[in-house]
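**Student:** dropping the sequence and predicted coords here.
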Amino acid sequence: MKKHIFVLAILVLSAVVTQLTGKPATFSGGAVSGSHEVQHGGQIFSRYDGFNHETLVTLKKMKVTCTGTRGNFKDACISIVATLHCPGVQLDYVRYATLQLVFETKDWDQRHALDQRELSVVANGETLRLGRMDLLAQNVDTLMTETLQISLPYAAFKKIALAETVELSVGPSSFALRDKNILALRDLHNRVKFAKGI
């Protein structure tokens with residue numbers, strides 16, 4: 001019986017993904033995923049996470065800037081990843097969103113210390129103080145790569161996605177999202193039907 005319910009859930013999600021993206025959903029390891037590219041050049045995928053019983057709609061890693069950073073990351077490339085977390089097999093509302101910032105630099109000393117991870121966002125002139133970001137990963141290869149993540153209410157994500165101008169500040173580092181980054185976040189926002197958050 002459980003197997004039939006799971007298969008039905010996969011089929012329902014597949015239909016939703018196809019409707020939203022205009023492309024058939026694909027099956028991979030028991031998960032449904034769909035991708036769609038718009039003028040912004042970013043990639044957005046939808047999949048069902050059976051372990052956490054939620055549908056994830058994710059903007060994959062997208063470059064923001066390699067030159068326009070103020071603060072201690074002057075010679076860094078910064079990318080963004082955003083995910084909407086929808087409980088169950090549905091895209092009617094979002095429980096919360098997660099935002100990742102990926103900093104890549106040649107200088108190991110440019111890491112964000114624990115007291116330098118407070119994220120503030122200015123969206124259309126409104127300042128959103130979103131709290132301290134968590135260190136998700138830190139790697140050293142040819143570049144020092146630092147990934148910071150924060151969970152935020154969907155209402156805050158919506159303000160960012162629908163803004164015309166967005167600036168982010170993490171500790172002493174600040175930078176602006178490019179138009180195509182904002183378009184990608186707006187596209188991500190548009191993947192949920194009613195965009196309600198709880």
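**Tutor:** Everything's here; your move. Residues are numbered from 1 along each chain as shown.

**Student:** quick one: contacts for the most centrally placed residue in the chain?
**Tutor:** Closest residue to the average C-alpha location of the chain: A82 at 0.2 Å, with CA atoms, centre = their mean. By CB atoms under 8 Å, 6 or more residues apart in numbering, the contact list for A82 reads T58, L59, A97, T98, L99, Q100, F157, L185, L188. All C-beta spots, glycine's among them, are computed from the backbone N, C-alpha and C.

**Student:** with secondary structure and distance to V166 as new columns, can those residues be given to me in JSON lines?
**Tutor:** What follows is the contacts of A82, written out as JSON lines (DSSP: H, G, I helix; E, B strand; the rest coil; distance: CB to CB, whole Å):
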{"residue": "T58", "secondary structure": "strand", "distance to V166": "19"}
{"residue": "L59", "secondary structure": "strand", "distance to V166": "14"}
{"residue": "A97", "secondary structure": "strand", "distance to V166": "14"}
{"residue": "T98", "secondary structure": "strand", "distance to V166": "17"}
{"residue": "L99", "secondary structure": "strand", "distance to V166": "11"}
{"residue": "Q100", "secondary structure": "strand", "distance to V166": "15"}
{"residue": "F157", "secondary structure": "helix", "distance to V166": "11"}
{"residue": "L185", "secondary structure": "helix", "distance to V166": "8"}
{"residue": "L188", "secondary structure": "helix", "distance to V166": "13"}
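
**Student:** out of the residues you listed, which is nearest to G41?
**Tutor:** L59 (11.0 Å; CB to CB).

**Student:** from I160, how far out is the closest one?
**Tutor:** 12 Å (CB to CB, to the nearest Å).

**Student:** so where's this structure uncertain?
**Tutor:** 1-38, 68-75, 108-110, 194-198 (pLDDT under 70).

**Student:** hey, what's in contact with both of L59 and I160?
**Tutor:** The contact sets of L59 and I160 overlap at L185 (CB under 8 Å, 6+ apart).

**Student:** for E164, grab the count of nearby residues.
**Tutor:** 9 (other CB atoms under 10 Å).

**Student:** helix or strand for it, which one?
**Tutor:** Using DSSP states H and E, E164 maps to neither a helix nor a strand.

**Student:** what sits closest to it if chain neighbours are left out?
**Tutor:** Closest residue to E164 apart from its sequence neighbours, by CB to CB, 6 or more residues apart in numbering: N124 at 5.9 Å.

**Student:** I'd say the one you found and T165 touch.
**Tutor:** Yes: N124 is within contact range of T165, at 6.2 Å (criterion: CB atoms under 8 Å).

**Student:** for the protein, which segments count as helices?
**Tutor:** Assigned by DSSP state H, the chain shows helices spanning 2-21, 154-161, 179-190.

**Student:** give me the beta-bridge partners of the residue nearest to the centre of the chain?
**Tutor:** Under DSSP bridges, the beta-bridge partners of A82 are L59, L99.

**Student:** K63 now?
**Tutor:** Counting by DSSP bridges, K63 forms beta bridges with S79.
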